[in-house]
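>>> Only the shape, not the letters, is given here:
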C-alpha cells in the first residue's frame, strides 16, 4: 500500500494557491495557470529568489550581474517561501515499511503505487540474484501476495488530494502493461526508479531524454 507523506507544493494545489492569493489580495495573477506569477510551478523553494526579491533589487542585479529580468506581474514579493510543511509519520521497517524521497520530477512521471511496486520488483530481483540473502518481512509479504505491479487508477488532472496525475499518463498515454513498460536491471534502486521514469523498457526514449542538451533538456526531464 502506498501512502503519500506530502502533497505537491505547487500552484496546481488548491490549498497552496489559496494561501498565496490570501497573502497577495487583489493580485489575480499571483497564481496563473497553476504557476506563481504564471512562471514558476513550485510555491515553496530555497532558491528562485527572483520571486522573493523586490523589483528594485532584481533590476540592480540584472544591470550589474546579468541577472534575470523580473516578471511584469511582480508587485508585492515574496511570492515563494522556504518555510516547510512538517508532518510526522511512524515508520516500522520491521513490518516492511520503507520511504521513497524524491523530487517532483519522479512523481510527474510515475504514480505513488507504481513507485512502490517498482521498489518491490527491485527487492525481489536482488533477493533472487543473491540466493535469498536479502530476506526481510516486506519482501516476504510482497512475494506471497499477487504478482504484478500495482497501478493507480484515478481521474485525469485529479487534485483533490494535492497530487497531480503523472505527465506520462496525461500527455504521453500508457502503452501496454507493466511487462512492456518497466524493467529491472539496475543494482541501485534509485537508478532503477529514474530509468523507469524516463522510459523503462523503451531504451530509445531513455537514451533520447538523457542525451538532450541544455536548455532543451529542461522541457522534457
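Good, I have the coordinates. Everything numeric in this text was worked out from a predicted model, so none of it was measured.
>>> so how many other residues sit close to residue 192?
For residue 192, the count of nearby residues is 22 (other Cβ atoms under 10 Å). All C-beta atoms are positioned from the backbone trio N, CA, C, and that covers glycine.
>>> correction: residue 196
Residue 196: 27 surrounding residues under other Cβ under 10 Å.
>>> secondary structure class for it?
helix (DSSP: H, G, I helix; E, B strand; the rest coil).
>>> Now it: closest residue in space, sequence neighbours ignored.
residue 182 (5.0 Å; Cβ to Cβ, 6 or more residues apart in numbering).
>>> which phi and psi does that neighbour have?
phi -110, psi 150 (degrees, to the nearest 10).
>>> and it, what is it in contact with?
114, 118, 121, 149, 196, 200, 201 (Cβ atoms under 8 Å, 6 or more residues apart in numbering).
>>> Break this structure down into its domains, please.
Using automatic domain parsing, the domain ranges for the chain come out as 1-89, 94-220.
>>> Quick check: mean pLDDT of the last one?
I take that to be domain 94-220. Mean pLDDT, computed over domain 94-220, is 74.
>>> Do me a favour and get the end-to-end distance for it?
This stretch, domain 94-220, spans 39 Å end to end (Cα to Cα, to the nearest Å).
>>> ok, now the first one?
Using Cα to Cα, the span of domain 1-89 from its first residue to its last is 15 Å.
>>> quick one: it to chain centroid distance?
With Cα atoms, centre = their mean, to the nearest Å as the basis, domain 1-89 stands 17 Å off its chain's centre.
>>> what about stretch 36-47, how long is it end to end?
OK, stretch 36-47 end separation, Cα to Cα: 14 Å.
>>> Mind giving me the packing neighbours of the strand or helix carrying residue 123?
Following DSSP states H and E, the helix or strand that holds residue 123 is helix 112-129. Applying 3 or more Cβ pairs under 8 Å, 6 or more residues apart in numbering; DSSP states H and E, one finds that helix 112-129 makes contact with helix 137-144, helix 189-198.
>>> buried sites along that helix?
Buried residues in helix 112-129, counted by 16 or more other Cβ atoms under 10 Å: 112-127.
>>> between that helix and helix 189-198, what angle do the directions make?
Orientation of helix 112-129 against helix 189-198 (axes from the mean of the first three to the mean of the last three Cα atoms, to 10 degrees) gives an angle of 130 degrees.
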